[in-house]
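> the following block contains a protein sequence and its predicted model.
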Amino acid sequence: MADPVAKKQIFSQEETNYELKIPYLKRLFKFLLPYKKWLVLTLIFMFAATVADLVSPYLLKQAVDHYIPKKDFNGILIIGALLILMLFVNKECSKNKIRLANRTGQMVLFDIRKALFDHVQSLSFSFFDKNSTGRIIVRIVNDVNTLNNLFTNGIVNVITDMSSLVLAAIIMFSINPKLAMVTFAALPIFLVVLFTTRNAIKRNWRAVRRKIANLNAYIHENISGIRVIQAYVRQKVNRAIFKDVIDDVFLSWMKAVRINGIFSPAVEVCSMIGTLIIYFYGVKLLKINGVTVGTLIAFVSYLDRFWRPVVTLSNFYNQLLVASASSERIFEVLSIQPEIKEDKNPVEISTFRNSIEFKNVWFAYKDEEYVLKDVSFEIKKGMMVALVGATGSGKTTIVNLLARFYDPQKGSILIDGIDLKKISFKSLRKLIGIVQQEPFLFSGSILDNILYGKPDAKLEEVIEVCNFLGAHDFISQFEDGYFTQVNERGNRLSTGQKQLISLARLLLQNPQILILDEATASLDTHSELMVQNALNKVMKDRTSIVIAHRLSTIKDADLIIVMDKGKIAEMGTHESLIRKKGIYYELCASQIRFVKAG
Ligand SMILES: Nc1ncnc2c1ncn2[C@@H]1O[C@H](COP(=O)(O)OP(=O)(O)OP(=O)(O)O)[C@@H](O)[C@H]1O
């Protein structure tokens, strides 16, 4: 049976508000402005196709009323030729209209997606803290996809349908107003059906979309968490939940289709009533007020051209609702401002000369929940500084602030006396290199990944760096060497190998300040030794800030900063802190006890 807890989690997805929001739609349509010329051309094709389509019944009327009774074969031939010409114009113009509309639509989607992607890339870490990867992907892929129908067919079709409907009615009224009035007698029936089913249809399609969103979320979570799922042998339970989720989609879909199904027959019934009226009432009117057999034939055709677009037009409203909801979510992301902004007149620093200084720094990830409280310290050029302390004491937060992934709420961080906020992003990123606990490799080759640090580096330079770090041997053992493809996250490589590749990437970038955030924490003893050796080489002659749980690796640090609940509890060298017999002494003692016990 499905796990109720898991099921509840899926259904806690965000709710979507399907109301027509004109300001969002207006903003959305602004994306069409660069393609004005194409739009105008599309409209011209559309108009030509509609006119050609509407001329045909009138030509038929002429043939029936004038040429057939007189057996005027020349006249019939001309009408026939004109009918073929109209058909050709209609088909050609429709083809071009569809091609142009699709092209414009796809370009608009491309622009929206590009705007979203560029914007998301510029956002600060705090945005990614609040939004899961899945949610962001849904914005860039699914929400933009839902606009597809609107931009590729929806808008053009609705204009085509509206003009066909209006023109057909106008022509009918101009041919014979009395007959036209009676023909539309079924319109009130349609309006009743429309207003009684509209809300139910809206509600049911909304339910379908919610169930599909649940399905997407569940698949995303299962694929991302596949290792945990397999480790806990949860496949059977998850399969049962998945079946429930699919069943929900199926049932809600069938219900929506059933209700939607009322609509189309209603339109057909109305159209049929209109046709019957034309035949019954029209025959009575024959020869009165100029009503001819041709008029009746033309009326039946125009009536069809009036009712046919009605179903598509009502679907368009649905499309608009979905587009309005998606655009609301898209613009919500686009309106988020990056919290970390570059100074208007940024200072370029090419060389780190003296020191890094934290001056009375206070920082909270949210509101007033400070995780760093009045932190002050100074790191001189060339020093190796270690940050130690219990989990959650604020070590990673300190390096996150130094890399300017976040800005402190109070206090300041200075590099060579210059506030971090004034330094250009480019020189800061060049100055500081970070090695994380979980190295991240992109899809592409090993070489591509290393070149990330310096795109214009030559292969010889890359090999030299890898040789220096002790990575060349294992890379050259692969069949394709440096051109070996690593898929996303580098699944084909061991964590130690990935770490060495990320170190090669870092060394090519040649940063003057290094941040090592538990770079060896997830490695086995052999890999740890290999990576630690490489790290020692990278750290040589550089200023480095190291976070390490294994205290033996930082014994020789020039300065050890001991963090406790967001505050600096102790600071000094290994010897001085051991002598102090404080928190650091306790941490060392507990690790020795742990090693001995092991
Ligand atoms: N992105 C975040 N959003 C909100 N709170 C966070 C975030 N990152 C960390 N915290 C909180 O800030 C506090 C300090 O976390 P930090 O990661 O700096 O500790 P740490 O000393 O590096 O811990 P560890 O040794 O486990 O990595 C913790 O209470 C943590 O829960």
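Yes, it's here. Numbering: from 1, shown residues only.

> quick check: residues of the stretch 1-150 of the chain near the ligand?
Residues of the stretch 1-150 of the chain lying close to the ligand by CB under 6 Å from any ligand atom are D129. C-beta here means a position set from N, CA and C on the backbone, and glycine is covered the same way.

> where does the stretch 1-150 of the chain get nearest to the ligand, residue-wise?
Closest to the ligand within the stretch 1-150 of the chain is D129: 4.0 Å, counting by CB to the nearest ligand atom.

> in this structure that residue contacts N400, no?
No: in this structure D129 lies outside contact range of N400 using CB atoms under 8 Å: 10.6 Å.

> one step back: for the residue of the stretch 1-150 of the chain closest to the ligand, give me its contacts.
Y365 (CB atoms under 8 Å, 6 or more residues apart in numbering).

> what does the average pLDDT come to for the host helix or strand of N400?
Using DSSP states H and E, N400 maps to helix 395-402. Averaged over helix 395-402, pLDDT sits at 94.

> pLDDT score for the spatially most central residue of the chain?
Per CA atoms, centre = their mean, the C-alpha nearest to the average position across the chain is that of I140, at 1.7 Å. Looking at I140, its pLDDT reads 82.

> how about the nearest residue to it, chain neighbours excluded?
L116 (5.0 Å; CB to CB, 6 or more residues apart in numbering).

> over to L507?
V465 (5.0 Å).

> so for that neighbour, what's the pLDDT?
88.

> helix, strand or coil for whichever residue of the stretch 201-350 of the chain sits closest to the ligand?
Going by CB to the nearest ligand atom, the ligand is nearest to E339 of the stretch 201-350 of the chain, at 12.6 Å. For E339, the assignment made with DSSP: H, G, I helix; E, B strand; the rest coil gives coil.

> identify the residues contacting it.
S124, S126, F127, Y406, D407 are the contacts of E339 under CB under 8 Å, 6+ apart.

> export these to a markdown table and tack on distance to L83?
Output for the contacts of E339, formatted as a markdown table (distance: CB to CB, whole Å):
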| residue | distance to L83 |
| --- | --- |
| S124 | 65 |
| S126 | 66 |
| F127 | 61 |
| Y406 | 72 |
| D407 | 73 |
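
> from those residues, which two are the most distant?
F127 and D407 (13.9 Å; CB to CB).

> returning to that earlier point: what packs against the helix holding N400?
strand 355-364, strand 370-380, strand 384-389, strand 513-517, strand 543-547 (3 or more CB pairs under 8 Å, 6 or more residues apart in numbering; DSSP states H and E).

> distance to K61 and mean pLDDT added to those strands, as TSV?
Shown next, in TSV, are the helices and strands packed on helix 395-402 (distance: least, CB to CB, whole Å; pLDDT from 0 to 100):
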stretch	distance to K61	mean pLDDT
strand 355-364	78	95
strand 370-380	82	95
strand 384-389	89	93
strand 513-517	82	90
strand 543-547	86	92
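
> how close does the closest residue to V361 other than its chain neighbours sit to N354?
Once flanking residues are discounted, V361 sits nearest to G411: 3.8 Å by CB to CB, 6+ apart. Computed as CB to CB, to the nearest Å, the G411 to N354 distance reads 19 Å.

> kindly report the same for K540.
20 Å.

> between the two, point out the one with more neighbours.
N354 (13 against 9; other CB atoms under 10 Å).

> the more buried one against D416, yeah?
Yes: at 5.0 Å, N354 counts as touching D416 under the criterion of CB under 8 Å.

> other SSEs contacting the host helix or strand of V249?
According to DSSP H and E, V249 maps onto helix 235-285. Counting contacts by 3+ CB pairs under 8 Å, 6+ apart, helix 235-285 is packed against helix 4-10, helix 177-183, helix 187-224, helix 293-334.

> tell me the domain ranges of this protein?
Annotated domains of the chain cover 17-175+315-341, 177-290, 355-596 [the TED database].

> those domains into JSON lines, with extra columns for distance to S301?
Formatted as JSON lines, the domains of the chain follow (distance: least, CB to CB, whole Å):
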{"stretch": "domain 17-175+315-341", "distance to S301": "4"}
{"stretch": "domain 177-290", "distance to S301": "10"}
{"stretch": "domain 355-596", "distance to S301": "57"}
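
> lowest-confidence stretch among the ones you listed?
Across the domains of the chain, the lowest-scoring stretch is domain 177-290, with a mean of 83.

> quote the end-to-end distance of that one.
11 Å (CA to CA, to the nearest Å).

> now what about the helix holding N400, what contacts it?
With CB under 8 Å, 6+ apart, helix 395-402 has contacts from 125, 356, 358, 361, 363, 365, 371-372, 375, 387-389, 406-408, 413, 420, 432, 434, 515, 517, 545, 547, 563.

> report the angle between that helix and strand 355-364.
110 degrees (axes from the mean of the first three to the mean of the last three CA atoms, to 10 degrees).

> flag every buried residue along the helix or strand just after helix 395-402.
Counting by DSSP H and E, the element after helix 395-402 in chain order, helix or strand, is strand 410-415. Neighbour counts using 16 or more other CB atoms under 10 Å place G411, I413, L414, I415 of strand 410-415 among the buried residues.

> out of these, what pair is the most spread apart?
G411 and I415 (14.5 Å).

> burial of I277, as a residue count?
Neighbourhood size, I277 [other CB under 10 Å]: 18.

> which residues does it contact?
V182, T183, A185, A186.

> turn those residues into CSV, columns for neighbour count and distance to the ligand.
Shown next, in CSV, are the contacts of I277 (neighbours: other CB atoms under 10 Å; distance: CB to the nearest ligand atom, whole Å):
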residue, neighbour count, distance to the ligand
V182, 16, 70
T183, 26, 67
A185, 13, 66
A186, 21, 62
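
> for those, which one is nearest K95?
When the contacts of I277 are compared for distance to K95 (CB to CB), T183 wins out at 31.8 Å.

> verify the contact between I513 and M539 for me.
No: counting by CB under 8 Å, I513 sits too far from M539 to count as a contact (10.8 Å).

> am I right that A52 is in contact with C93?
Yes: counting by CB under 8 Å, A52 touches C93, with 6.8 Å between them.

> list residues touching both of the two?
By CB under 8 Å, 6+ apart, no residue touches both A52 and C93.

> now the end-to-end length of stretch 465-481.
15 Å.

> chain center to it: distance?
37 Å (CA atoms, centre = their mean, to the nearest Å).

> now do stretch 103-118
Distance, centroid of stretch 103-118 to centroid of chain: 12 Å (CA atoms, centre = their mean).

> hmm, who's touching it?
Counting by CB under 8 Å, 6+ apart, 28, 31-32, 34-35, 38-39, 42, 139-140, 144-145, 147-148, 150-153, 330, 333-334 sit against stretch 103-118.
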